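S.K.: sequence-free structure coming up:
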């Protein structure tokens with residue numbers, strides 16, 4: 001269903017695009033090239049699919065995210081991150097919970113991405129996100145912000161894993177109950193251009209039609 005929360009504040013971060021990447025909602029900073037966007041989306045999707053083969057993000061979120069983290073390191077990315085468990089202080093939604101935990105430019109970028117996917121015309125990317133992020137009992141949601149330095153893409157990825165108390169057809173507006181716990185993960189990933197260029201064809205070959213089916217542009 002279309003969603004628009006007037007409580008969200010407009011940000012000063014200019015975006016090039018917003019994409020759904022299976023269970024992830026990514027925002028790309030203005031000026032990020034089409035090739036760099038495709039690289040980030042594909043090089044994140046492949047480890048996600050690998051993690052899905054070993055663990056359920058709903059039933060074993062820590063193991064799943066750990067596998068995602070390990071796979072990215074094996075590929076050759078510089079990765080840092082953390083995992084924490086927090087108590088939910090008051091009844092809230094997944095979108096609000098995420099924005100309460102994300103800071104800096106990533107907060108403003110993700111806020112715009114959440115706004116965008118709830119607007120009319122984005123029913124199909126929302127459908128992809130809904131199918132991957134929530135099973136109406138639990139959620140496993142990734143989101144993040146990608147920007148550039150001189151020779152690499154820099155991506156901050158957040159993960160939110162918890163029990164849904166009130167399902168919603170728009171998974172990001174699913175309800176969470178005060179007193180329940182939420183698992184929160186953060187990963188900072190450095191995608192060097194030279195390494196990406198050397199493995200780009202290999203990664204796209206491995207993904208095949210998965211990329212076309214599971215990655216979709218969100219209209220802004």
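M.R.: Great, that's in hand. Fair warning: this is a prediction, and the values are worked out from it, not measured in the lab. Numbers count the residues shown, from 1 in each chain.

S.K.: Residue 179 contacts residue 88, doesn't it?
M.R.: Yes: counting by CB atoms under 8 Å, residue 88 is a contact partner of residue 179 at 6.7 Å. Where C-beta positions appear, they are placed from N, C-alpha and C, glycine not excepted.

S.K.: Compare those two and say which one has the larger neighbour count.
M.R.: Using other CB atoms under 10 Å, the more surrounded residue of residue 179 and residue 88 is residue 88, with 18 against 10.

S.K.: Distance-wise, check the more buried one relative to residue 28.
M.R.: 30 Å (CB to CB, to the nearest Å).

S.K.: Equivalent analysis for residue 185, please.
M.R.: 21 Å.

S.K.: Could you point out which residue ranges in this structure have low pLDDT?
M.R.: 1-11 (pLDDT under 70).

S.K.: let's see it at 50
M.R.: 1-9 (pLDDT under 50).

S.K.: follow-up on the earlier one: between residue 185 and residue 28, which one's more packed in?
M.R.: residue 28 (26 against 21).

S.K.: Please list all residues in contact with residue 86.
M.R.: Contacts here follow CB atoms under 8 Å, 6 or more residues apart in numbering; on that basis residue 86 touches 101, 181, 182, 184.

S.K.: Any quick PyMOL command for the buried ones out of these?
M.R.: Burial among those is assessed by 16 or more other CB atoms under 10 Å; the matching PyMOL selection reads:
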select buried, resi 182+184
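
S.K.: Among the contacts of residue 86, which ones are in strands?
M.R.: Under the assignment DSSP state E, the contacts of residue 86 contribute 181, 182, 184 to strands.

S.K.: C-terminal to the top helix by length along the chain, what's the next element?
M.R.: Ranked by residue count under DSSP state H, the longest helix found in the chain is helix 34-54. Using DSSP states H and E, the helix or strand that follows helix 34-54 in sequence is helix 61-75.

S.K.: which residues are in contact with that following helix?
M.R.: Helix 61-75 has contacts (CB under 8 Å, 6+ apart) with 43, 46-48, 50-52, 54-57, 79, 81, 83, 140, 159, 161, 183, 185, 187, 189, 199.

S.K.: Run the angle between that helix and helix 34-54 for me.
M.R.: 130 degrees (axes from the mean of the first three to the mean of the last three CA atoms, to 10 degrees).

S.K.: who does the helix or strand where residue 156 lies touch, helix- and strand-wise?
M.R.: Using DSSP H and E, residue 156 sits within strand 152-163. For strand 152-163, the packing partners by 3 or more CB pairs under 8 Å, 6 or more residues apart in numbering; DSSP states H and E come out as helix 34-54, helix 61-75, helix 94-101, helix 104-117, strand 138-148, strand 181-192, helix 193-207.

S.K.: got the contact list for residue 186?
M.R.: 81, 82, 156, 157, 158, 159.
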